[in-house]
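A.B. asks: Return atomic coordinates for the entry below.
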Amino acid sequence: MAGPLEEGETIDGQKEGPWTTHYANGNKRSEGTYKNGLRHGDWTYYHKSGGVDYTVSFNEGKHVGDTVSYYEDGKLRQRGQFNEFRGKSTDGKKTGPWYFYAEDGKSLWRVITYKNGSRSKKDEHPLGDCPGCGAVRETVAETCPSCGEAY
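C.D. replies: I've put the predicted structure just below:
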């Protein structure tokens, strides 16, 4: 049975079919489908303010395919992929490059490459490092938030 912040059906004690959860403020927290008690198909997760936080797909409860996440203002935050579902121990693991974007939603600041869920090479930082303190640039700001040095 669904709780006060959930909408969905249980069959023989397992969640089944369309399912929605809510924050205490009434906004949606997540929505998707369960099959035999496991997340299955496309799911959408929301920020507390109501905008989409991220989208992801499941197969028998494991992540599969593309996932995309967004900042609260709707701009792109990151995107990547999970291994295809083939009934192996590597199912549901991050694979290939994962791209991370600055708050402008366009400037790529980090690329992490995965193989079967583990980092497979050194992270890339397209925006570079701060010339003053060496911190990785995560934004397109004019100055480093750590030391104040101009980029």
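
A.B. asks: where do the strands sit along this structure?
C.D. replies: Per DSSP state E, the chain carries strands over the ranges 6-11, 14-22, 28-35, 38-46, 52-59, 62-70, 76-82, 94-101, 108-115, 118-119.

A.B. asks: tell me the angle the third one makes with strand 38-46.
C.D. replies: In this structure, strand 28-35 runs at an angle of 160 degrees to strand 38-46, with axes from the mean of the first three to the mean of the last three C-alpha atoms, to 10 degrees as the basis.

A.B. asks: and what of the second one?
C.D. replies: With the same axes, to 10 degrees defining the directions, strand 14-22 sits at 0 degrees from strand 38-46.

A.B. asks: tell me what strand 14-22 is packed against?
C.D. replies: Applying 3 or more C-beta pairs under 8 Å, 6 or more residues apart in numbering; DSSP states H and E, we find strand 14-22 packed against strand 6-11, strand 28-35. Where you see a C-beta, it was placed from the backbone N, CA and C, and this is true even at glycine.

A.B. asks: Between the strands of the chain, which one is closest to Cys147.
C.D. replies: Closest of the strands of the chain to Cys147 is strand 108-115, at 17.3 Å (criterion: C-beta to C-beta).

A.B. asks: Quick check: bridge partners of the residue lying closest to Glu84 once chain neighbours are set aside?
C.D. replies: Sequence neighbours aside, Val64 is the residue nearest to Glu84 in space, at 6.2 Å (criterion: C-beta to C-beta, 6 or more residues apart in numbering). Under DSSP bridges, the beta-bridge partners of Val64 are Ser57.
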